[in-house]
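Participant: need the 3D shape of this:
(one chain, ligands or ions: 1)
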Amino acid sequence: MEVVSDLAGWRERCDDARHRELCVGLVPTMGALHAGHRSLMAAARAQCDVVVVSIFVNPLQFTDARDLENYPQTLEADLALCEAAGVDVVVTPRREEMWPVGHATLTLDGELTRMLEGRDRPGHFDGVATVVDKLFDLTGPCCAFFGEKDFQQLAVVRQLIAAHELPVTLVGCPIVRESDGLALSSRNVRLSAEGRRKALSLSVALRLAASTTFDTVGELRHALAEVMSSAGVVVHYVSVVDEESWSEVPDFAVPFGRVLIAGTVDGVRVIDNGPLGMKGRTSAARN
Ligand code: PAF
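Facilitator: Residues are numbered from 1 along each chain as shown. Alright, predicted model coming up:
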């Protein structure tokens, strides 16, 4: 496994692979790697010839300076995980090279980037789009692997690729959960044991959404918010959207509804999502 930190070296490795007619798979990360990232690497390993993992904590997408300061950094362990996952190249760019003084930030238009995470963290998706666009540019034509845990981010990246006609095939990979249901996240290490117990209520709420028949979407949202707040989570949103249009679902007559939830526990933002499976339409039946 090679570790490359200069941008020219990154470009060169990927260009070289394509000259040899090899397919490049990119797994973009901010480090603090866990089994969720490992599953992205496994998908990339299975589908591509050369697997590139980027590790870069992108300051542009943080809307809270303390969140950026406290973001876990575990490079040595990350490299060991990449090596064990059979990664070919890890790129660890320097902040000054990625964002030289005076660099531009992409500004995204449209409701998708202003709702939910975008509403609570204004500018967050501009920061994500700016860095992802740069990661794609440095990597060149590739398959890119993103987790469904950040479901809205995945949709924003899909939109970015379509709008700019980028030569990237986007692969969304399922959420990886601990055995009790907690969705894996790099920020989980900042939760106390008590905070972890509270955060577990997000997956409990999603299971309720998938298993219970509610009369109205309002009732469902209320019940899920109640599960989370009674566990001690400060609830930011419980939203049910149409996966295609991203409009709020007024009733259950949508083929592909997604439940997205977010809250804060111990000062740590926690998010999760799952398919809307109710009124006899389980997620399995809809697949
Ligand atoms: O999902 C993440 O880890 C980040 O948002 C990403 C896609 C690596 C961009 O910094």
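Participant: helices along this protein, start to end?
Facilitator: In the chain, the helices defined using DSSP state H lie at 7-19, 35-47, 65-69, 75-84, 95-98, 117-120, 124-139, 151-164, 193-211, 217-230, 283-286.
Participant: can you redo those as a markdown table with mean pLDDT, mean neighbour count and distance to the ligand?
Facilitator: The C-beta positions use only the backbone N, C-alpha and C, and glycine is treated the same way. Formatted as a markdown table, the helices of the chain follow (pLDDT from 0 to 100; neighbours: other C-beta atoms under 10 Å; distance: least, C-beta to the nearest ligand atom, whole Å):
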| stretch | mean pLDDT | mean neighbour count | distance to the ligand |
| --- | --- | --- | --- |
| helix 7-19 | 98 | 16 | 15 |
| helix 35-47 | 98 | 19 | 8 |
| helix 65-69 | 95 | 11 | 12 |
| helix 75-84 | 98 | 16 | 12 |
| helix 95-98 | 98 | 12 | 10 |
| helix 117-120 | 97 | 18 | 11 |
| helix 124-139 | 98 | 22 | 5 |
| helix 151-164 | 98 | 19 | 6 |
| helix 193-211 | 96 | 19 | 18 |
| helix 217-230 | 97 | 17 | 22 |
| helix 283-286 | 38 | 10 | 23 |
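Participant: quick one: contacts for the closest residue to Gly181 other than its chain neighbours?
Facilitator: Excluding the flanking residues, the one nearest Gly181 by C-beta to C-beta, 6 or more residues apart in numbering is Ser203, at 3.5 Å. The contact partners of Ser203, taken as C-beta atoms under 8 Å, 6 or more residues apart in numbering, are Arg177, Asp180, Gly181, Leu182, Ala183, Asp272.
Participant: from these, which would you call buried?
Facilitator: Leu182, Ala183, Asp272 (16 or more other C-beta atoms under 10 Å).
Participant: follow-up on the earlier one: tabulate the contacts of Ser203 (a markdown table), appending pLDDT.
Facilitator: What follows is the contacts of Ser203, written out as a markdown table (pLDDT from 0 to 100):
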| residue | pLDDT |
| --- | --- |
| Arg177 | 98 |
| Asp180 | 96 |
| Gly181 | 97 |
| Leu182 | 98 |
| Ala183 | 98 |
| Asp272 | 98 |
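Participant: from these, pick the one nearest the ligand.
Facilitator: Ala183 (12.9 Å; C-beta to the nearest ligand atom).
Participant: residue contacts, Thr107?
Facilitator: Asp126.
Participant: now do the phi/psi pair for it.
Facilitator: Backbone torsions of Thr107, given as degrees, to the nearest 10, read phi -110, psi 120.
Participant: next: Val101.
Facilitator: Dihedral angles (degrees, to the nearest 10) for Val101: phi -50, psi 130.
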